[in-house]
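A.B. asks: sequence and computational prediction follow.
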2 protein chains.
Amino acid sequence: MMAITITAFERSPDGGKGLARDMRVRWALEEVGQPYEVRLVSFGAMKKPEHLALHPFGQIPTYEDGDLGLFETGAIVFHIAERHAGLLPDDENARARAITWMFAALSTVEPPILELANAKLIEGDKSWTAQRLPLVEERVRSRLVQLSRRLGEADWLDGAFSAGDLMMVSVLLRLKSSGLLDDYPNLSAYVARGEARPAYKRAFEAQWAVNTSKSPTG
Amino acid sequence: MMAITITAFERSPDGGKGLARDMRVRWALEEVGQPYEVRLVSFGAMKKPEHLALHPFGQIPTYEDGDLGLFETGAIVFHIAERHAGLLPDDENARARAITWMFAALSTVEPPILELANAKLIEGDKSWTAQRLPLVEERVRSRLVQLSRRLGEADWLDGAFSAGDLMMVSVLLRLKSSGLLDDYPNLSAYVARGEARPAYKRAFEAQWAVNTSKSPTG
(Lines give C-alpha, C1' and ligand atoms only; values in the text may rest on other atoms or scores of the structure.)
Protein backbone atom coordinates (compact mmCIF):
# COMPACT_ATOMS: atom_id res chain seq x y z
CA MET A 1 0.00 0.00 0.00
CA MET A 2 1.42 3.39 -1.00
CA ALA A 3 0.07 5.68 1.68
CA ILE A 4 2.38 8.66 1.32
CA THR A 5 1.98 11.10 -1.57
CA ILE A 6 4.28 14.04 -2.17
CA THR A 7 4.14 16.73 -4.84
CA ALA A 8 6.98 17.75 -7.16
CA PHE A 9 7.47 20.06 -10.13
CA GLU A 10 6.08 18.81 -13.43
CA ARG A 11 9.02 20.69 -14.96
CA SER A 12 11.73 21.42 -12.45
CA PRO A 13 13.57 24.73 -13.01
CA ASP A 14 16.90 22.89 -12.62
CA GLY A 15 15.93 20.11 -15.03
CA GLY A 16 15.96 17.48 -12.27
CA LYS A 17 19.48 17.99 -10.96
CA GLY A 18 18.49 17.59 -7.35
CA LEU A 19 17.91 21.20 -6.34
CA ALA A 20 14.11 21.25 -6.22
CA ARG A 21 12.95 20.86 -2.63
CA ASP A 22 11.06 17.61 -3.16
CA MET A 23 14.57 16.09 -3.32
CA ARG A 24 14.94 16.65 0.44
CA VAL A 25 11.70 14.79 1.14
CA ARG A 26 12.53 11.98 -1.29
CA TRP A 27 15.94 11.60 0.35
CA ALA A 28 14.38 11.39 3.83
CA LEU A 29 11.85 8.80 2.68
CA GLU A 30 14.63 6.74 1.09
CA GLU A 31 16.75 6.93 4.26
CA VAL A 32 13.92 5.46 6.33
CA GLY A 33 12.79 3.03 3.63
CA GLN A 34 9.27 4.36 3.13
CA PRO A 35 7.66 4.01 -0.30
CA TYR A 36 5.86 7.05 -1.69
CA GLU A 37 3.88 8.28 -4.64
CA VAL A 38 4.55 11.52 -6.48
CA ARG A 39 1.95 13.87 -7.91
CA LEU A 40 3.47 16.26 -10.42
CA VAL A 41 2.15 19.82 -10.50
CA SER A 42 2.59 22.50 -13.11
CA PHE A 43 3.43 26.12 -12.27
CA GLY A 44 -0.15 26.98 -13.17
CA ALA A 45 -1.65 24.32 -10.92
CA MET A 46 0.50 25.46 -7.98
CA LYS A 47 -1.41 28.75 -7.89
CA LYS A 48 -4.87 27.14 -8.07
CA PRO A 49 -7.16 26.86 -5.02
CA GLU A 50 -6.82 23.07 -4.85
CA HIS A 51 -3.06 23.24 -4.38
CA LEU A 52 -3.21 26.39 -2.21
CA ALA A 53 -5.47 24.51 0.20
CA LEU A 54 -2.57 22.10 0.73
CA HIS A 55 0.25 24.67 0.45
CA PRO A 56 -0.74 28.27 1.27
CA PHE A 57 2.45 29.63 -0.36
CA GLY A 58 1.81 27.80 -3.65
CA GLN A 59 5.00 25.74 -3.71
CA ILE A 60 6.19 22.16 -3.70
CA PRO A 61 6.70 19.78 -1.98
CA THR A 62 3.65 18.82 0.00
CA TYR A 63 3.07 15.61 1.95
CA GLU A 64 -0.19 13.71 2.27
CA ASP A 65 -0.78 10.66 4.39
CA GLY A 66 -4.41 9.81 5.05
CA ASP A 67 -6.07 12.80 6.73
CA LEU A 68 -2.84 14.68 7.18
CA GLY A 69 -1.62 17.29 4.72
CA LEU A 70 1.69 19.07 5.36
CA PHE A 71 3.86 21.61 3.55
CA GLU A 72 7.34 23.06 4.33
CA THR A 73 10.27 20.78 3.62
CA GLY A 74 11.65 21.11 7.15
CA ALA A 75 8.34 20.10 8.71
CA ILE A 76 7.88 17.17 6.32
CA VAL A 77 11.38 15.81 6.86
CA PHE A 78 10.93 16.18 10.61
CA HIS A 79 7.59 14.38 10.46
CA ILE A 80 9.20 11.49 8.60
CA ALA A 81 12.16 11.47 11.00
CA GLU A 82 9.90 11.36 14.04
CA ARG A 83 7.90 8.41 12.72
CA HIS A 84 10.62 6.17 11.31
CA ALA A 85 14.06 5.13 12.55
CA GLY A 86 17.13 6.35 10.72
CA LEU A 87 17.11 10.13 10.81
CA LEU A 88 17.13 11.08 14.50
CA PRO A 89 19.22 9.58 17.31
CA ASP A 90 17.52 7.83 20.24
CA ASP A 91 19.45 9.75 22.89
CA GLU A 92 17.30 12.70 23.94
CA ASN A 93 20.01 15.36 23.92
CA ALA A 94 21.52 14.14 20.63
CA ARG A 95 18.02 14.25 19.13
CA ALA A 96 17.55 17.87 20.22
CA ARG A 97 20.93 18.76 18.69
CA ALA A 98 20.04 17.05 15.39
CA ILE A 99 16.82 19.09 15.27
CA THR A 100 18.91 22.20 15.97
CA TRP A 101 20.98 21.50 12.85
CA MET A 102 17.80 21.17 10.79
CA PHE A 103 16.73 24.64 11.88
CA ALA A 104 20.27 26.00 11.46
CA ALA A 105 20.36 24.76 7.87
CA LEU A 106 17.00 26.34 7.03
CA SER A 107 17.04 29.55 9.00
CA THR A 108 20.71 30.50 9.35
CA VAL A 109 22.60 28.99 6.41
CA GLU A 110 19.96 28.97 3.66
CA PRO A 111 18.70 32.61 3.81
CA PRO A 112 21.95 34.18 2.48
CA ILE A 113 22.12 31.42 -0.14
CA LEU A 114 18.58 32.30 -1.24
CA GLU A 115 19.56 35.94 -1.32
CA LEU A 116 22.44 35.06 -3.62
CA ALA A 117 20.09 33.06 -5.86
CA ASN A 118 17.67 36.00 -5.97
CA ALA A 119 20.52 38.37 -6.84
CA LYS A 120 21.54 36.19 -9.76
CA LEU A 121 18.12 35.13 -11.03
CA ILE A 122 15.49 37.71 -10.14
CA GLU A 123 17.89 40.66 -10.23
CA GLY A 124 20.26 39.24 -12.83
CA ASP A 125 19.44 41.97 -15.36
CA LYS A 126 19.66 44.93 -12.96
CA SER A 127 22.28 47.63 -13.28
CA TRP A 128 23.49 47.13 -9.69
CA THR A 129 23.91 43.36 -9.74
CA ALA A 130 27.57 43.12 -10.78
CA GLN A 131 28.54 45.55 -8.04
CA ARG A 132 26.26 44.01 -5.45
CA LEU A 133 27.06 40.31 -5.92
CA PRO A 134 30.36 40.37 -3.97
CA LEU A 135 28.52 41.77 -0.92
CA VAL A 136 25.94 39.01 -1.04
CA GLU A 137 28.61 36.35 -1.57
CA GLU A 138 30.41 37.69 1.48
CA ARG A 139 27.31 37.04 3.60
CA VAL A 140 27.27 33.45 2.35
CA ARG A 141 31.00 33.06 3.05
CA SER A 142 30.67 34.27 6.60
CA ARG A 143 28.29 31.37 7.26
CA LEU A 144 30.49 28.88 5.44
CA VAL A 145 33.55 29.86 7.51
CA GLN A 146 31.60 29.31 10.71
CA LEU A 147 30.11 26.01 9.55
CA SER A 148 33.47 24.79 8.29
CA ARG A 149 35.08 25.54 11.67
CA ARG A 150 32.39 23.67 13.53
CA LEU A 151 32.46 20.63 11.26
CA GLY A 152 36.26 20.36 11.37
CA GLU A 153 37.38 16.89 10.39
CA ALA A 154 34.16 15.17 11.44
CA ASP A 155 32.06 13.21 8.97
CA TRP A 156 28.75 14.67 10.18
CA LEU A 157 27.69 17.63 12.28
CA ASP A 158 26.94 15.78 15.52
CA GLY A 159 28.15 12.19 15.54
CA ALA A 160 26.03 9.94 13.33
CA PHE A 161 24.29 11.11 10.13
CA SER A 162 20.94 12.71 10.96
CA ALA A 163 18.10 14.77 9.51
CA GLY A 164 20.27 17.77 10.42
CA ASP A 165 22.95 16.63 7.97
CA LEU A 166 20.33 15.78 5.35
CA MET A 167 19.08 19.34 5.51
CA MET A 168 22.49 21.00 5.73
CA VAL A 169 23.88 19.02 2.76
CA SER A 170 20.72 19.86 0.77
CA VAL A 171 21.15 23.56 1.49
CA LEU A 172 24.87 23.55 0.63
CA LEU A 173 24.19 21.72 -2.63
CA ARG A 174 22.59 24.91 -3.92
CA LEU A 175 26.04 26.52 -3.85
CA LYS A 176 27.77 23.92 -6.00
CA SER A 177 27.54 25.80 -9.28
CA SER A 178 28.71 29.05 -7.65
CA GLY A 179 32.13 27.61 -6.79
CA LEU A 180 31.89 29.12 -3.29
CA LEU A 181 32.19 25.73 -1.61
CA ASP A 182 35.59 25.11 -3.22
CA ASP A 183 37.32 27.29 -0.62
CA TYR A 184 36.11 25.00 2.16
CA PRO A 185 37.43 21.49 1.41
CA ASN A 186 35.84 19.95 4.50
CA LEU A 187 32.42 21.29 3.48
CA SER A 188 32.88 20.04 -0.10
CA ALA A 189 33.79 16.61 1.28
CA TYR A 190 30.78 16.75 3.61
CA VAL A 191 28.44 17.45 0.70
CA ALA A 192 30.07 14.65 -1.34
CA ARG A 193 29.57 12.30 1.62
CA GLY A 194 25.87 13.11 1.57
CA GLU A 195 25.60 12.61 -2.17
CA ALA A 196 27.35 9.23 -1.86
CA ARG A 197 24.68 7.81 0.43
CA PRO A 198 22.61 5.11 -1.31
CA ALA A 199 19.40 6.81 -0.19
CA TYR A 200 20.50 10.10 -1.73
CA LYS A 201 21.32 8.36 -5.00
CA ARG A 202 17.95 6.61 -5.16
CA ALA A 203 16.18 9.90 -4.48
CA PHE A 204 18.26 11.71 -7.08
CA GLU A 205 17.56 9.09 -9.72
CA ALA A 206 13.84 9.19 -8.99
CA GLN A 207 13.78 12.97 -9.35
CA TRP A 208 15.91 12.84 -12.48
CA ALA A 209 13.59 10.24 -14.02
CA VAL A 210 10.62 12.60 -13.68
CA ASN A 211 12.39 15.23 -15.69
CA THR A 212 13.65 12.94 -18.38
CA SER A 213 10.69 10.63 -18.89
CA LYS A 214 7.81 12.43 -17.16
CA SER A 215 7.05 9.13 -15.45
CA PRO A 216 4.60 9.85 -12.63
CA THR A 217 6.26 8.05 -9.72
CA GLY A 218 9.52 8.01 -7.78
CA MET B 1 15.92 25.72 41.13
CA MET B 2 16.59 27.73 37.98
CA ALA B 3 17.79 25.08 35.55
CA ILE B 4 17.34 26.84 32.21
CA THR B 5 19.79 29.54 31.10
CA ILE B 6 19.44 31.49 27.88
CA THR B 7 21.70 34.13 26.38
CA ALA B 8 20.66 37.59 25.20
CA PHE B 9 22.35 40.74 23.91
CA GLU B 10 24.08 42.86 26.52
CA ARG B 11 23.07 45.79 24.29
CA SER B 12 20.28 44.89 21.91
CA PRO B 13 20.46 46.64 18.52
CA ASP B 14 16.78 47.56 18.85
CA GLY B 15 17.17 48.89 22.38
CA GLY B 16 14.95 46.14 23.84
CA LYS B 17 11.84 46.64 21.72
CA GLY B 18 11.20 42.93 21.33
CA LEU B 19 12.96 42.24 18.03
CA ALA B 20 16.05 40.42 19.31
CA ARG B 21 15.57 36.70 18.96
CA ASP B 22 15.83 35.90 22.67
CA MET B 23 12.33 37.42 22.80
CA ARG B 24 10.95 34.34 21.02
CA VAL B 25 12.52 32.02 23.58
CA ARG B 26 11.43 34.18 26.52
CA TRP B 27 7.88 34.21 25.15
CA ALA B 28 7.85 30.41 24.79
CA LEU B 29 9.15 29.95 28.34
CA GLU B 30 6.51 32.35 29.67
CA GLU B 31 3.73 30.53 27.78
CA VAL B 32 4.65 27.23 29.43
CA GLY B 33 5.44 28.80 32.81
CA GLN B 34 9.10 27.82 33.04
CA PRO B 35 11.49 30.07 34.98
CA TYR B 36 14.82 30.87 33.36
CA GLU B 37 18.03 32.75 33.88
CA VAL B 38 19.60 35.10 31.34
CA ARG B 39 23.29 35.48 30.65
CA LEU B 40 24.00 38.70 28.76
CA VAL B 41 26.73 38.62 26.13
CA SER B 42 28.51 41.49 24.41
CA PHE B 43 29.14 41.58 20.65
CA GLY B 44 32.79 40.87 21.41
CA ALA B 45 32.03 37.86 23.61
CA MET B 46 29.73 36.38 20.94
CA LYS B 47 32.74 35.86 18.66
CA LYS B 48 34.91 34.25 21.37
CA PRO B 49 35.60 30.48 21.50
CA GLU B 50 33.54 30.00 24.64
CA HIS B 51 30.38 31.31 23.03
CA LEU B 52 31.14 29.74 19.64
CA ALA B 53 31.31 26.34 21.35
CA LEU B 54 27.67 26.88 22.28
CA HIS B 55 26.60 28.74 19.12
CA PRO B 56 28.76 28.04 16.03
CA PHE B 57 27.33 31.09 14.22
CA GLY B 58 28.18 33.46 17.08
CA GLN B 59 24.67 34.69 17.77
CA ILE B 60 22.08 34.76 20.51
CA PRO B 61 19.96 33.16 21.90
CA THR B 62 21.34 29.91 23.22
CA TYR B 63 19.69 27.53 25.66
CA GLU B 64 21.39 25.50 28.38
CA ASP B 65 19.74 22.96 30.62
CA GLY B 66 22.09 20.62 32.46
CA ASP B 67 24.22 18.79 29.89
CA LEU B 68 22.25 20.10 26.94
CA GLY B 69 23.29 23.16 24.97
CA LEU B 70 21.17 24.32 22.03
CA PHE B 71 21.18 27.22 19.59
CA GLU B 72 18.70 28.30 16.83
CA THR B 73 15.52 29.94 18.03
CA GLY B 74 13.29 27.48 16.16
CA ALA B 75 15.00 24.50 17.75
CA ILE B 76 14.90 26.02 21.22
CA VAL B 77 11.22 26.96 21.02
CA PHE B 78 10.43 23.49 19.69
CA HIS B 79 12.42 21.87 22.51
CA ILE B 80 10.45 23.88 25.07
CA ALA B 81 7.17 23.08 23.30
CA GLU B 82 7.90 19.37 23.24
CA ARG B 83 8.67 19.25 26.96
CA HIS B 84 5.93 21.41 28.43
CA ALA B 85 2.22 21.75 27.76
CA GLY B 86 0.87 24.92 26.16
CA LEU B 87 2.58 25.32 22.79
CA LEU B 88 1.69 22.20 20.80
CA PRO B 89 -1.69 20.46 20.53
CA ASP B 90 -2.12 16.89 21.77
CA ASP B 91 -3.76 15.66 18.57
CA GLU B 92 -1.04 14.15 16.41
CA ASN B 93 -2.06 15.73 13.10
CA ALA B 94 -2.69 19.14 14.66
CA ARG B 95 0.75 18.92 16.27
CA ALA B 96 2.39 18.21 12.89
CA ARG B 97 0.56 21.20 11.39
CA ALA B 98 1.68 23.50 14.24
CA ILE B 99 5.29 22.42 13.61
CA THR B 100 4.72 23.14 9.92
CA TRP B 101 3.82 26.73 10.76
CA MET B 102 6.99 27.09 12.82
CA PHE B 103 9.05 26.08 9.80
CA ALA B 104 6.91 28.22 7.48
CA ALA B 105 7.55 31.28 9.65
CA LEU B 106 11.31 30.71 9.69
CA SER B 107 12.02 29.41 6.23
CA THR B 108 9.31 30.87 4.00
CA VAL B 109 8.12 34.13 5.59
CA GLU B 110 11.24 35.36 7.37
CA PRO B 111 13.87 35.14 4.56
CA PRO B 112 12.38 37.96 2.43
CA ILE B 113 11.93 39.99 5.63
CA LEU B 114 15.61 39.48 6.44
CA GLU B 115 16.47 40.47 2.89
CA LEU B 116 14.52 43.70 3.37
CA ALA B 117 16.34 44.36 6.65
CA ASN B 118 19.70 43.74 4.94
CA ALA B 119 18.73 46.09 2.11
CA LYS B 120 17.94 48.86 4.60
CA LEU B 121 20.71 48.30 7.12
CA ILE B 122 23.72 46.65 5.48
CA GLU B 123 23.10 48.20 2.06
CA GLY B 124 21.44 51.39 3.27
CA ASP B 125 24.24 53.59 1.94
CA LYS B 126 24.53 51.96 -1.50
CA SER B 127 23.71 53.77 -4.71
CA TRP B 128 21.24 51.10 -5.78
CA THR B 129 19.22 50.84 -2.60
CA ALA B 130 16.46 53.37 -3.36
CA GLN B 131 15.79 51.71 -6.70
CA ARG B 132 16.07 48.19 -5.32
CA LEU B 133 13.90 48.50 -2.20
CA PRO B 134 10.53 48.26 -4.01
CA LEU B 135 11.59 44.92 -5.53
CA VAL B 136 12.52 43.50 -2.15
CA GLU B 137 9.33 44.85 -0.59
CA GLU B 138 7.38 43.12 -3.34
CA ARG B 139 8.88 39.77 -2.32
CA VAL B 140 7.74 40.39 1.23
CA ARG B 141 4.26 41.42 0.06
CA SER B 142 3.81 38.28 -1.99
CA ARG B 143 4.24 36.24 1.20
CA LEU B 144 1.95 38.53 3.19
CA VAL B 145 -0.82 38.20 0.61
CA GLN B 146 -0.63 34.42 0.80
CA LEU B 147 -0.48 34.36 4.58
CA SER B 148 -3.34 36.83 4.87
CA ARG B 149 -5.50 34.68 2.59
CA ARG B 150 -4.79 31.57 4.62
CA LEU B 151 -5.43 33.22 7.99
CA GLY B 152 -8.70 34.79 6.83
CA GLU B 153 -10.86 35.72 9.81
CA ALA B 154 -9.35 33.12 12.13
CA ASP B 155 -7.64 34.10 15.37
CA TRP B 156 -4.70 31.72 14.87
CA LEU B 157 -3.24 29.76 11.98
CA ASP B 158 -4.59 26.33 12.89
CA GLY B 159 -7.21 26.40 15.62
CA ALA B 160 -5.71 27.10 19.03
CA PHE B 161 -2.63 29.29 19.60
CA SER B 162 0.55 27.25 19.13
CA ALA B 163 4.32 27.52 18.76
CA GLY B 164 3.57 28.08 15.06
CA ASP B 165 1.72 31.29 15.89
CA LEU B 166 4.41 32.33 18.37
CA MET B 167 6.99 32.07 15.62
CA MET B 168 4.87 33.66 12.88
CA VAL B 169 3.87 36.64 15.04
CA SER B 170 7.54 37.08 16.04
CA VAL B 171 8.60 37.12 12.40
CA LEU B 172 5.86 39.56 11.36
CA LEU B 173 6.74 41.89 14.22
CA ARG B 174 9.95 42.72 12.37
CA LEU B 175 7.82 44.42 9.73
CA LYS B 176 6.00 46.75 12.08
CA SER B 177 8.19 49.79 11.50
CA SER B 178 8.09 49.32 7.71
CA GLY B 179 4.34 49.90 7.51
CA LEU B 180 3.99 46.90 5.19
CA LEU B 181 1.63 45.12 7.56
CA ASP B 182 -0.87 47.99 7.41
CA ASP B 183 -2.22 46.75 4.08
CA TYR B 184 -3.27 43.45 5.66
CA PRO B 185 -5.65 44.26 8.52
CA ASN B 186 -6.13 40.63 9.47
CA LEU B 187 -2.37 40.17 9.82
CA SER B 188 -2.05 43.36 11.86
CA ALA B 189 -4.82 42.12 14.14
CA TYR B 190 -3.11 38.72 14.35
CA VAL B 191 0.15 40.33 15.47
CA ALA B 192 -1.73 42.50 17.99
CA ARG B 193 -3.42 39.36 19.34
CA GLY B 194 0.02 37.83 19.92
CA GLU B 195 1.31 40.94 21.62
CA ALA B 196 -1.75 41.02 23.89
CA ARG B 197 -1.01 37.61 25.39
CA PRO B 198 0.08 37.86 29.02
CA ALA B 199 3.08 35.62 28.32
CA TYR B 200 4.20 37.92 25.49
CA LYS B 201 3.89 40.95 27.75
CA ARG B 202 5.92 39.35 30.54
CA ALA B 203 8.63 38.37 28.05
CA PHE B 204 8.66 41.85 26.52
CA GLU B 205 8.97 43.51 29.90
CA ALA B 206 11.82 41.21 30.90
CA GLN B 207 13.68 42.00 27.69
CA TRP B 208 13.00 45.70 28.04
CA ALA B 209 14.27 45.67 31.62
CA VAL B 210 17.66 44.36 30.48
CA ASN B 211 18.09 47.28 28.16
CA THR B 212 16.96 49.91 30.55
CA SER B 213 18.52 48.75 33.81
CA LYS B 214 21.11 46.19 32.70
CA SER B 215 19.72 43.92 35.39
CA PRO B 216 21.05 40.41 34.75
CA THR B 217 17.86 38.34 34.88
CA GLY B 218 14.53 38.06 33.15
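C.D. replies: That came through fine. Numbers count the residues shown, from 1 in each chain, chains lettered A, B, ... in the order given.
A.B. asks: what are the phi and psi values for A:T62?
C.D. replies: phi -120, psi 170 (degrees, to the nearest 10).
A.B. asks: and the residue in chain A positioned nearest to chain B, how many neighbours?
C.D. replies: Going by C-beta to the nearest C-beta, chain B is nearest to A:W128 of chain A, at 3.3 Å. C-beta: built from backbone N, CA, C; applies to glycine. Counted with other C-beta atoms under 10 Å in any protein chain shown, the neighbours of A:W128 add up to 16.
A.B. asks: tell me the secondary structure at A:I6.
C.D. replies: Recorded secondary structure, A:I6: strand (DSSP: H, G, I helix; E, B strand; the rest coil).
A.B. asks: residues contacting the residue of chain A closest to chain B?
C.D. replies: Each residue near A:W128 by C-beta atoms under 8 Å, 6 or more residues apart in numbering or on different chains is listed here: B:126-128, B:131-132.
A.B. asks: out of those, which are inside helices?
C.D. replies: B:131-132 (DSSP state H).
A.B. asks: can you flag the buried ones in the contacts of A:W128?
C.D. replies: Among those, those scoring as buried are B:128, B:132 (criterion: 16 or more other C-beta atoms under 10 Å in any protein chain shown).
A.B. asks: with the contacts of A:W128 in mind, which one is nearest to A:Y200?
C.D. replies: A:Y200 lies nearest to B:R132 out of the contacts of A:W128, by C-beta to C-beta, at 37.1 Å.
A.B. asks: contact partners for that closest one?
C.D. replies: Counting by C-beta under 8 Å, 6+ apart, B:R132 makes contact with A:123, A:126, A:128, B:119, B:123.
A.B. asks: tabulate these (JSON lines), appending pLDDT and distance to A:N186.
C.D. replies: Formatted as JSON lines, those follow (pLDDT from 0 to 100; distance: C-beta to C-beta, whole Å):
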{"residue": "A:E123", "pLDDT": "95", "distance to A:N186": "31"}
{"residue": "A:K126", "pLDDT": "95", "distance to A:N186": "35"}
{"residue": "A:W128", "pLDDT": "95", "distance to A:N186": "34"}
{"residue": "B:A119", "pLDDT": "94", "distance to A:N186": "32"}
{"residue": "B:E123", "pLDDT": "95", "distance to A:N186": "31"}
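A.B. asks: let me have those in a markdown table, extended by distance to B:S107.
C.D. replies: Formatted as a markdown table, the contacts of B:R132 follow (distance: C-beta to C-beta, whole Å):
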| residue | distance to B:S107 |
| --- | --- |
| A:E123 | 21 |
| A:K126 | 25 |
| A:W128 | 27 |
| B:A119 | 19 |
| B:E123 | 22 |
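A.B. asks: so which of the residues you listed comes closest to A:W27?
C.D. replies: A:W27 lies nearest to A:E123 out of those, by C-beta to C-beta, at 30.1 Å.
A.B. asks: can you give me the strands for chain A?
C.D. replies: Secondary structure of chain A by DSSP state E: the strands cover A:4-9, A:37-41, A:62-65, A:68-71.
A.B. asks: do you know the pLDDT at A:P13?
C.D. replies: On pLDDT, A:P13 comes in at 88.
A.B. asks: how many other residues sit next to it?
C.D. replies: For A:P13, using other C-beta under 10 Å, the count is 11.
A.B. asks: please name the residues that touch the closest residue to A:I113 other than its chain neighbours.
C.D. replies: The shortest distance from A:I113 to any non-neighbouring residue, by C-beta to C-beta, 6 or more residues apart in numbering or on different chains, is to A:R174 (5.3 Å). Contacts for A:R174 (C-beta under 8 Å, 6+ apart) come out as A:19, A:110, A:113, A:117.
A.B. asks: could these go into CSV alongside neighbour count and pLDDT?
C.D. replies: Formatted as CSV, the contacts of A:R174 follow (neighbours: other C-beta atoms under 10 Å in any protein chain shown; pLDDT from 0 to 100):
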residue, neighbour count, pLDDT
A:L19, 17, 91
A:E110, 23, 96
A:I113, 23, 96
A:A117, 16, 93
